[in-house]
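Q: Show me how the following folds:
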Amino acid sequence: MTATLERSAEVAPAHELAGTWHLTRLALRRDRVILPIWIVLLSIVPASTVSTFTQFYPTVADRLALQAGANANPSYALLYGPPFDLTTAGGFIAWRMCGFLALLTGLMVVFTVTRHTRAEEDTGRAELLASAVVGRYAALTAALLVAGGSSVVVGLIQAGTMVGAGLPAAGSVAFGASEALVGLVFTAVAAVAVQLAGYSRTANGIGTAVVGAAFLLRGAGDSTVDARWLSWLSPIGWVQQLRAFAGERWWVLLLLVAAALVTGAAAYWLLPRRDVGVGFLPPRPGPATAAPGLRTPFALAWRLHRGPLLGWTIGTAVVGAVFGSIASGIGGLVGSSPQAQEIMARLGGSEALTQAFLAAMAGMFAMVASLYGIQAVLRMRGEETAIRLEPVLATSVGRLRWAAGHLVFAFFGTALLLLAAGLFMGLANGLRTGDVGGSVGDSLAGMLVQLPATWVVIALAVTIFGLLPGFSAAAWAVGSLALLISLFGPVVNLPQAVLDVSPFQHPPKLPGQEFAATPMVWLLAVTVVALVAGLAGWRRRDVG
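A: Presented below is the predicted three-dimensional model:
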């Protein structure tokens, strides 16, 4: 009997991981579209910027002016981090991209872990799998392998492509290793979040809040002389304190490794101490009867969308204020070479650098707002697959009426985001230049002319939802493709025919250009056609 118990104790850990490989393959199959897009987008950006740096700053004098301008304005440290060495292409890329890539990598792994753990518990599939030969830790381990493995792949490709672009090997390895390890840290954070939260939406909220707080904490520390210690409380701050291409401090990687191991161990410790479908943070019980305001589909959609919309609005307003605060000094960063002014003018559509910067930022915010719109559209698919939609449609609520409640937030929510970004960007720039009224007007105009382009992307997401519901996640591919072409296409001189694929290339670039109504009309026409096609498909197809 003793020997039998000893043998059982020895094989118990293996039984707890039974089915991990099969669940990993399932997760990779489900993410075969979205994960490659994330990986490619995050991997190719650093190396593709090497040639751009030499075009913007061809001489030593330009690079010294860049360093002096970045050191003189704390707003740049808030946005990008401490400018350790901006006289080399590697140092410039590490300064401009380390923090943002760490932020995006964190969001990628949080969404991935939640999708394959807590979301599976919400739908009941996790409990069904657990009734088979699947160990207790299999689902979490599979999610960590997929998310963590993706961040490692991103880091490896970043290092390899940067070395291939001619950057020093030590700095390239440090850059890629830091991005891979910060991805592992946030993967472990997501693993803890799914143990704490009772629903996938709450887990995503906790995970993204930690990622956002890490970015803001890093920004507050880097931009405040007396509070530099705050940067050392943030994993994103550790990534930049590694100082890739500026005298690497390899010991900082140990902080990332330790944080990932400790946080991951906490997730595994919490997992067996809760029931399937239940988190450690109990949901707040609602009232016994629903409020009168919840009697309509629009009211239900408001309850579902108000949290994300509020978070996105606050985020865009804060970032808009930061960009507005540095707009008037952009000339000191861009440099005086004809190549730099030509590229910046092509990005923003104006030869005045400040106006070109504001116009380029308006386009960037439009791309970000379109991602919110995609998220709002896919919430309809989430309600459908979670079998919460069928009881609603079993009442007197029609399909189009239900969809209209969600689409109001998808389309007009993006307008609210652009208005918030334009208002705060204009205010920040106007306070620095002494022309608040003119600056706010220019910024709002630049934002609003981008609105039809965002609506095209959202309408295409509706088309996919209505006609190809099984491929609804491909809506992210549409948004990512448009974003990738618009951000990097002009910089690498893609053919105009390729640039025109993105709807964000067509609106007039305000301020700086003359307003043209023709592209706006065409974009709105495409929006209407795609929206009608999607709703027609939704009206005729089966639910689920």
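Q: in the helix or strand in which A177 is found, what's buried?
A: Here A177 sits within helix 169-196, counting by DSSP states H and E. Across helix 169-196, burial judged by 16 or more other Cβ atoms under 10 Å covers 171-196. From N, CA and C alone the C-beta is placed, and that goes for glycine too.
Q: Packing partners of it?
A: Other helices and strands packing on helix 169-196, by 3 or more Cβ pairs under 8 Å, 6 or more residues apart in numbering; DSSP states H and E, are helix 89-116, helix 138-164, helix 200-223, helix 235-241, helix 252-270.
Q: Spatially nearest residue to A180 (excluding sequence neighbours)?
A: Excluding the flanking residues, the one nearest A180 by Cβ to Cβ, 6 or more residues apart in numbering is G155, at 2.7 Å.
Q: L184 is in contact with that neighbour, correct?
A: No. Taking contacts as Cβ atoms under 8 Å, G155 lies outside contact range of L184: 9.4 Å.
Q: Give me the distance from the helix holding A177 to the chain's centre.
A: Taking the mean of its C-alpha atoms, helix 169-196 sits 15 Å from the chain's own mean (Cα atoms, centre = their mean, to the nearest Å).
Q: what's the angle from that helix to helix 200-223?
A: 140 degrees (axes from the mean of the first three to the mean of the last three Cα atoms, to 10 degrees).
Q: so helix 169-196 versus helix 138-164, what angle?
A: Using the same axes, to 10 degrees: helix 169-196 against helix 138-164 is 160 degrees.
Q: I'd like the mean pLDDT over helix 169-196, please.
A: Averaging pLDDT along helix 169-196 gives 93.
Q: Can I get stretch 165-179 as PDB, trimmed to CA atoms?
A: Provided in PDB are the C-alpha atoms of stretch 165-179 (Å, rounded to 0.1, in the frame of the first residue of the first chain):
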ATOM      1  CA  ALA A 165      19.800  45.600 -40.500                       C
ATOM      2  CA  GLY A 166      23.400  46.300 -39.400                       C
ATOM      3  CA  LEU A 167      22.900  47.200 -35.700                       C
ATOM      4  CA  PRO A 168      25.300  46.000 -33.000                       C
ATOM      5  CA  ALA A 169      24.700  42.400 -31.900                       C
ATOM      6  CA  ALA A 170      24.800  43.100 -28.200                       C
ATOM      7  CA  GLY A 171      22.300  45.900 -28.400                       C
ATOM      8  CA  SER A 172      20.000  43.900 -30.700                       C
ATOM      9  CA  VAL A 173      20.100  40.900 -28.300                       C
ATOM     10  CA  ALA A 174      19.400  43.100 -25.300                       C
ATOM     11  CA  PHE A 175      16.500  44.800 -27.100                       C
ATOM     12  CA  GLY A 176      14.900  41.500 -28.100                       C
ATOM     13  CA  ALA A 177      15.500  39.800 -24.800                       C
ATOM     14  CA  SER A 178      13.900  42.600 -22.900                       C
ATOM     15  CA  GLU A 179      10.800  42.600 -25.000                       C
END
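Q: Give me the contact list for that stretch.
A: 42, 46-47, 50, 89-91, 93-94, 98, 101-102, 105, 151, 154-160, 162-163, 238-239, 242-246, 248, 250, 252-253, 256 (Cβ atoms under 8 Å, 6 or more residues apart in numbering).
Q: still on that earlier bit, redo the helices and strands packed on helix 169-196 as JSON lines? Include distance to G446.
A: Putting the helices and strands packed on helix 169-196 into JSON lines (distance: least, Cβ to Cβ, whole Å) gives the following:
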{"stretch": "helix 89-116", "distance to G446": "22"}
{"stretch": "helix 138-164", "distance to G446": "32"}
{"stretch": "helix 200-223", "distance to G446": "24"}
{"stretch": "helix 235-241", "distance to G446": "29"}
{"stretch": "helix 252-270", "distance to G446": "39"}
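Q: Out of these, flag the one nearest G324.
A: G324 lies closest, by Cβ to Cβ, to one member of the helices and strands packed on helix 169-196: helix 200-223, at 15.4 Å.
Q: just checking, what packs against that closest one?
A: Against helix 200-223 (3+ Cβ pairs under 8 Å, 6+ apart) you get helix 74-80, helix 89-116, helix 118-123, helix 169-196, helix 235-241, helix 297-327.
Q: who's in contact with the third one?
A: Defining contact as Cβ under 8 Å, 6+ apart, one finds that helix 118-123 is touched by 126-127, 129, 139, 194, 197, 199-200, 203, 276-277, 279, 385-387.
Q: Please pick the buried ones from those residues.
A: Buried among the contacts of helix 118-123 by 16+ other Cβ under 10 Å: A126, L129, A139, V194, A197, Y199, S200, A203, G279, T385.
Q: and stretch 296-315, which residues are buried?
A: Buried residues in stretch 296-315 (16+ other Cβ under 10 Å): P297, F298, L300, A301, W302, L304, H305, P308, L309, W312, T313, G315.
Q: If you tally nearby residues, what's the number for the closest residue to the last one other than its chain neighbours?
A: So the one you mean is G315. Nearest residue to G315, sequence neighbours excluded (Cβ to Cβ, 6+ apart): G212, at 7.4 Å. By other Cβ atoms under 10 Å, 16 other residues sit near G212.
Q: What helix or strand is A359 located in?
A: helix 353-385.
Q: packing partners for the next helix or strand after that helix?
A: Using DSSP H and E, the next helix or strand after helix 353-385 towards the C-terminus is helix 389-393. Counting by 3+ Cβ pairs under 8 Å, 6+ apart, the packing neighbours recorded for helix 389-393 are helix 399-433.
Q: can you pull the buried residues of the very next helix or strand once past the helix it packs on?
A: Moving toward the C-terminus from helix 399-433, the next helix or strand (DSSP H and E) is helix 436-448. Neighbour counts over helix 436-448 (16+ other Cβ under 10 Å) mark S439, V440, D442, S443, L444, A445, G446, M447, L448 as buried.
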